[in-house]
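> kindly generate the corresponding structure for this input.
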Amino acid sequence: MNTVRLTVAEALVKYLVAQHIEIDGQVQPLFGCSFAIFGHGNVTCLGQQLKNVEDQLPTWRGQNEQSMAMAAVAYAKANNRQRIGIAATSIGPGATNMVTAAGIAHTNRLPLLMLSGDAYTSRLPDPVLQQTEHFHAPSITANDTFKAVTRYWDRVIHPAQLLQTLPLAIDTLLDPADCGPVFLGLPQDVQGMAYDYPTRFFETKVHRIRRPQPEMCDLEAAADILRAAKKPLVISGGGVHYSRATDALASFIENHQIPTVETIAGRASLLQEHPLNGGPIGATGSDSANYLAAHADVVLAVGTRLQDFTTGSWSVFRNPNLKIISINVGRTDAIKHLAMPVVADAKDTLVQLDAVLGDWKSDTEWAATAQSQASEWKALCHQRAEVMGDEMASYAQVVGAVNRVVEPGDTVLTAAGGLPAELNMNWQSQQIGKFDIEFGFSCMGYEIAGGWGAKIANPDNDVVVLVGDGSYMILNSDIYSSVLTGHKMIVIVCDNAGYAVINKLQNNTGNDSFNNLLEDCRRPDGELARVDFAKHAEAQGAISEKISNMQEFDAAFARAKAADRTSVIVIDIDPTKWSSCDCWWEVGLPEIARTEKVEKAVANFSEGRAHQRPGV
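Prediction:
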């Protein structure tokens, strides 16, 4: 057997560079980018090896380990999980900074490869800088914190271990059902250890995403349920995008005239103008989609885990005899809530189910109802977005304006606060995909970092980031990263002077405003200190401006479009103007009401619970 003697760091990077993937008939490197912040735990061995392959695997320097891992997550999502980003850190706090990003990847079923330095396996220099000591279990390090937020976790304590752990790590990153973040701990002494590796281990490998096939008995059972339906409904989830099933979905629903609604992750799987597109479903959705869900007798859930914002905490389905068919590569997702499971790939299942159903079609009156309901929702979105004068802007007006001025190929992205609901409720999809609301982990700070990663994935088109002042304050340094690396994006900062959406929830549940809006925080008397976001962004090298009202938006956006680097537009947002839909969502309220306001809120909450479907 031919072998080559390499250090662990050399072998690791050599193996990663050898991994490729076939996408639409073209072979591309599986790992399209790497983000790294170097420290004593990774610079001496791993850092040099990343330098040696920078023409094959470009490495970008982040400003914060959390945000660069978020950028890698967004990169993977923008590539529909077919290409993957790497985040490499030193030990201790540099590593644990990535835990939040790992949570995003894990919750949203997105691939992320994390490589972090670790304490010495020899323990001769213990305790080393940044080592957390555990006297009862000395093998525990800070890296063990990743076990709760990863799909695959390993610590490389011997060079030969790479032969087993790397193929398993890659398989996890590419598995359609178990896809998620992978963490590899690299002890500082082990990174430099040498071993005689088989040369065949480093041969170029071309991967393809597996498409598990449905069983015919499941297809026939699903078809029988659909044929008996009077008001069937398709719910399109994020898995439709990841399976590249958008064309198959459109063909399926057109052939059988089944109205379709979208989850947050499934948004833009159909064009908004499609006559069977009933709009976004759930607590941050549309009255049209929720009306259809309430009246449906059969739901075909495609590629969705049916998260509580999608189901209104399982209150949107009002038919007591509702039957659910779930097409999902994930077994656990497919069997939820007594669904009839079809554990298989979304695209291939839709194509085969289409054939089994033959010329069966749903009631044309039901399809007409969906179109009528969607038309009312679209009219409402138009009304919300209308600018009447120079009044303080609303989120809906900003969303409507962005919707109007973006160009084909541009991506719109947001994550937390009031913006996910406002974007989901009001966006009119004019292209398939190019839409990222991180609302699985609902992570403040993802917006700007995610925009950077999405831009790396889409270098020829703009990425438009919608971010609130709260999220901006949590994590904004990748404005500088984007300027430094030449990845221009357009950032729109919506400043409502605090955590306004949580203040709304606080008030809606009978509580007093406290510690959310800046004016309600403990502070000295006198003038309220406000951040000048335009100046702050300018200090990071971006072009920036603050506009007074929405009448100035189009011109400002045009300037941002024409700019040669990241541009930031800041606008004040009215913290009292919100879009809404008729949907209940479960929040924890006290059993004992101490005030009349809380008592009323609890009573209203109990009315909504009456429609909650038992979790069986």
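> in a helix, G608, correct?
Yes: assigned with DSSP: H, G, I helix; E, B strand; the rest coil, G608 falls within a helix.
> my read: it touches S315, true?
Yes: using CB atoms under 8 Å, G608 is in contact with S315, at 6.2 Å. C-beta coordinates here come from the backbone N, C-alpha and C atoms, glycine included.
> who has more neighbours out of those two?
S315 (23 against 15; other CB atoms under 10 Å).
> strands along the stretch 151-300 of the chain, start to end?
152-155, 181-187, 194-198, 205-207, 232-236, 260-262, 277-280, 298-302 (DSSP state E, counting those that start in this stretch).
> what packs against the last one?
Judged by 3 or more CB pairs under 8 Å, 6 or more residues apart in numbering; DSSP states H and E, the packing partners of strand 298-302 are helix 216-227, strand 232-236, strand 323-328.
> can you give me the angle it makes with strand 323-328?
Between the axis of strand 298-302 and that of strand 323-328 there is an angle of 10 degrees, by axes from the mean of the first three to the mean of the last three CA atoms, to 10 degrees.
> do the same with the longest one
Using the same axes, to 10 degrees, the inter-axis angle of strand 181-187 relative to strand 323-328 is 40 degrees.
> in stretch 255-262, what counts as buried?
Within stretch 255-262, the residues scored as buried using 16 or more other CB atoms under 10 Å are H256, Q257, I258, P259, T260, V261, E262.
> how far does it sit from its chain's centre?
Chain-centre distance of stretch 255-262: 25 Å, with CA atoms, centre = their mean, to the nearest Å.
> stretch 559-574 too?
Computed by CA atoms, centre = their mean, the chain-centroid distance of stretch 559-574 equals 23 Å.
> mean confidence (pLDDT) on it, please.
The average pLDDT within stretch 559-574 is 98.
> got the end-to-end distance for that stretch?
24 Å (CA to CA, to the nearest Å).
> do the same with stretch 508-528
Per CA to CA, stretch 508-528 runs 25 Å from first to last residue.
> ditto for stretch 107-117
24 Å.
> hmm, back to that, how about the helices and strands packed on strand 298-302 in CSV, adding mean pLDDT?
Formatted as CSV, the helices and strands packed on strand 298-302 follow (pLDDT from 0 to 100):
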stretch, mean pLDDT
helix 216-227, 98
strand 232-236, 98
strand 323-328, 98
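> quick one, which of those is packed in tightest?
strand 232-236 (a mean of 28; mean count of other CB atoms under 10 Å).
> what packs against that one?
Strand 232-236 sits against helix 246-256, strand 260-262, strand 298-302, with contacts defined as 3+ CB pairs under 8 Å, 6+ apart.
> let me have the ones you listed in TSV, extended by distance to V149.
Listed next are the helices and strands packed on strand 232-236 as TSV, based on distance: least, CB to CB, whole Å:
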stretch	distance to V149
helix 246-256	30
strand 260-262	27
strand 298-302	26
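> nearest to Q397, out of those?
Closest approach to Q397 among the helices and strands packed on strand 232-236 is made by strand 260-262 (22.7 Å; CB to CB).
> which residue comes closest to L233 once chain neighbours are left out?
A296 (3.9 Å; CB to CB, 6 or more residues apart in numbering).
> ugh, typo on my part, it should be I23
Nearest to I23 is Q82, by CB to CB, 6+ apart, at 5.3 Å.
> cool, S243 as well?
A346 (3.9 Å).
> list the contacts of that neighbour.
Contacts for A346 (CB atoms under 8 Å, 6 or more residues apart in numbering) come out as G239, V240, Y242, S243, A245, A248, L249, V302, G303, I327, N328, V329.
> K504 and W578 touch, don't they?
Yes: under the criterion of CB under 8 Å, K504 makes contact with W578 at 6.5 Å.
> if we can go back for a sec, any common contacting residues for G608 and S315?
Joint contacts of G608 and S315 (CB under 8 Å, 6+ apart) are W584, E586.
> in a helix, that's where W60 is, yeah?
No: read with three-state DSSP, W60 is strand and lies in no helix.
> who touches it in this structure?
C33, S34, F35, A36, M68, A71, I456, S481, T485.
> give the bridge partners for it, please.
F35 (DSSP bridges).
> relative to L112, how far out is it?
As for W60, its distance to L112 is 15 Å (criterion: CB to CB, to the nearest Å).
> may I see the helices and strands packed on strand 232-236 organised as a markdown table, with distance to A539 and mean pLDDT added?
Listed next are the helices and strands packed on strand 232-236 as a markdown table, based on distance: least, CB to CB, whole Å; pLDDT from 0 to 100:
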| stretch | distance to A539 | mean pLDDT |
| --- | --- | --- |
| helix 246-256 | 41 | 98 |
| strand 260-262 | 39 | 98 |
| strand 298-302 | 46 | 98 |
